[in-house]
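In: Return atomic coordinates for the entry below.
(one chain, ligands or ions: 1)
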Amino acid sequence: MVNKNISGTTKICALIGDPVEHTMSPVMHNAAFQKMGLDYLYLPFRVRPKQLPQAVAGLKALNVAGFNVTIPHKVAVLPLLDGLDPLAEKIGAVNTVVNNNGELRGYNTDAEGFLRALLEHGIKPQGRNVVVLGAGGAARAIAYILAEKGARLTILNRQQELDWAENIAQLILDELHQEVKVFELGDIANALPGASLLVNATSVGMSPADNASPVPAGLLAKVPAVFDVVYNPLKTKLLSEAAAAGAQTISGVDMLAWQGALAFEKWTGKTAPIDLMREEAVKMLEQLED
Ligand code: NAP
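Out: Predicted coordinates for the structure are as follows:
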């Protein structure tokens, strides 16, 4: 599966994060490079927060083609880059870096990856009432792109961290001049009526605590479509209960595959084999579940 013809011309892409043990990105990207006959190799590196500046300088010195950035470095990496895509700058987080002749430019393909997954399932944000659960990094990227594409948003977060949700609402007001409603997660019953899409952008339901859902099952009959950004397990409790309630469901693995595909396209200039990348991620997730 991995490039077996590594030579002096092989281009390197990397992932930096902490931890990186369970990442799906190497299997997705290496399978895609091989399928497309590209002389590239993707490698994960565990980088401790205090070593982030050296790691980024090292990747630049080694002249890698690009790299992904994951938890906990998505925000801390910003000042270490030479330039930022406007969307990444507004969201304030980078998950993909491209090396343009020694200049490192940061992008946020989580936001666009979410959007592509949504559109692929036939859901256009324009004019929709969307409820987003969570106010962390994923929620910020998703809320911003949804608002940019014309959705009307309500963001819910836990009471003790409501400031984070208010912060996203303020960003969207300042940048896009759109009002966003903010509720406590405990008020979900009041937020859901009239929503045509519910997005779980919290980590609730993620393995190993996968017997949890952020939404009481009884409320799901009111929502026509549910997108869970959690991708491990593939079928979260929320998605199972939403499907049982008759909702259209979208798994976080679709966003995962699309954020990878968009990074691949930035590094290689080629159209990514999205179906293969998704299949590889699903295969690995199924193995983890066994
Ligand atoms: P994060 O910045 O740590 O944010 C986590 C969010 O989950 C916060 O809003 C947090 O609320 C909330 N939360 C955590 N535990 C909770 C609980 N018990 N009850 C209610 N809310 C809770 O993490 P992130 O980077 O946004 O990631 C969130 C999830 O998205 C993770 O599962 C991650 O794997 C997934 N993700 C998926 C993709 C993809 O491609 N599919 C991409 C990025 C992230 P507080 O603010 O109150 O702490």
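In: closest point of the stretch 1-150 of the chain to the ligand, which residue?
Out: residue 136 (1.9 Å; Cβ to the nearest ligand atom). (Glycine included, C-beta is placed from N, CA and C.)
In: Write out the residues of the chain neighbouring the ligand.
Out: Counting by Cβ under 6 Å from any ligand atom, the residues of the chain close to the ligand are 71, 110, 113, 134-139, 157-158, 161, 164, 185, 201-204, 206, 214, 229-231, 252, 255-256, 259.
In: Just the buried residues from those residues, in ChimeraX please.
Out: In ChimeraX syntax, the buried subset of the residues of the chain next to the ligand is picked out as below (16 or more other Cβ atoms under 10 Å):
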select :110,113,134,135,136,137,138,139,157,158,164,185,201,202,204,206,214,229,230,231,252,255,256,259
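In: can you list the domains in the chain?
Out: For the chain, automatic domain parsing gives the domain ranges 11-107+254-289, 112-250.
In: Any chance of a markdown table for those domains, columns mean pLDDT?
Out: A markdown table is the format used below for those (pLDDT from 0 to 100):
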| stretch | mean pLDDT |
| --- | --- |
| domain 11-107+254-289 | 97 |
| domain 112-250 | 96 |
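In: Can I get those domains in TSV including distance to residue 5?
Out: Output for these, formatted as TSV (distance: least, Cβ to Cβ, whole Å):
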stretch	distance to residue 5
domain 11-107+254-289	7
domain 112-250	30
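In: can you tell me which of these comes nearest to residue 4?
Out: domain 11-107+254-289 (9.0 Å; Cβ to Cβ).
In: Next, the distance between the ends of the closest one.
Out: End-to-end span of domain 11-107+254-289 (Cα to Cα, to the nearest Å): 33 Å.
In: Now name the helix or strand holding residue 262.
Out: Using DSSP states H and E, residue 262 falls within helix 252-268.
In: Report how many residues lie close to residue 57.
Out: Residues lying near residue 57 (other Cβ atoms under 10 Å) number 12.
In: contacting residues for the residue of the stretch 1-150 of the chain closest to the ligand?
Out: 164, 201-203 (Cβ atoms under 8 Å, 6 or more residues apart in numbering).
In: How about stretch 164-182, which residues are buried there?
Out: Those buried within stretch 164-182 under the rule 16+ other Cβ under 10 Å are 164-165, 167-169, 171-172, 180, 182.
In: host element of the residue nearest in space to the middle of the chain?
Out: In the chain, the centroid-proximal residue (Cα atoms, centre = their mean) is residue 110; its distance is 3.5 Å. Element membership for residue 110, per DSSP H and E: helix 109-120.
In: going on from that helix, what's the next piece of helix or strand?
Out: strand 129-133.
In: How about residues contacting the next helix or strand after that following strand?
Out: Scanning forward in sequence from strand 129-133 by DSSP H and E, the next helix or strand is helix 137-148. Identification of contacts with helix 137-148 by Cβ under 8 Å, 6+ apart yields 71, 74-75, 87, 90-93, 108, 110-112, 114-115, 125, 130, 132-133, 153, 155, 157, 165, 168, 171-172, 175-176, 178, 180, 199, 201-202, 229.
In: circling back to that earlier point, who does the helix holding residue 262 touch, helix- and strand-wise?
Out: Contacts defined by 3 or more Cβ pairs under 8 Å, 6 or more residues apart in numbering; DSSP states H and E place helix 252-268 against helix 25-35, strand 66-69, strand 96-100, strand 103-107, helix 109-120, strand 225-228, helix 274-289.
In: out of those, nearest to residue 210?
Out: Closest approach to residue 210 among the helices and strands packed on helix 252-268 is made by helix 274-289 (9.3 Å; Cβ to Cβ).
In: What is the closest one packed up against?
Out: Checked by 3+ Cβ pairs under 8 Å, 6+ apart, helix 274-289 has helix 25-35, helix 252-268 packed alongside it.
In: Only alpha carbons, please: show the helix holding residue 262 as CSV.
Out: What follows is helix 252-268, C-alpha atoms only, in CSV (Å, rounded to 0.1, in the frame of the first residue of the first chain):
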residue,chain,number,x,y,z
GLY,A,252,-18.1,12.2,10.4
VAL,A,253,-16.1,9.8,8.3
ASP,A,254,-17.4,11.7,5.2
MET,A,255,-16.0,14.9,6.6
LEU,A,256,-12.8,13.2,7.5
ALA,A,257,-12.4,11.8,4.0
TRP,A,258,-13.2,15.2,2.4
GLN,A,259,-10.8,17.2,4.6
GLY,A,260,-8.1,14.7,3.6
ALA,A,261,-9.1,14.9,-0.1
LEU,A,262,-8.9,18.7,-0.1
ALA,A,263,-5.4,18.6,1.6
PHE,A,264,-4.3,16.0,-1.0
GLU,A,265,-5.5,18.3,-3.8
LYS,A,266,-3.5,21.2,-2.4
TRP,A,267,-0.3,19.2,-2.1
THR,A,268,-0.5,17.4,-5.4
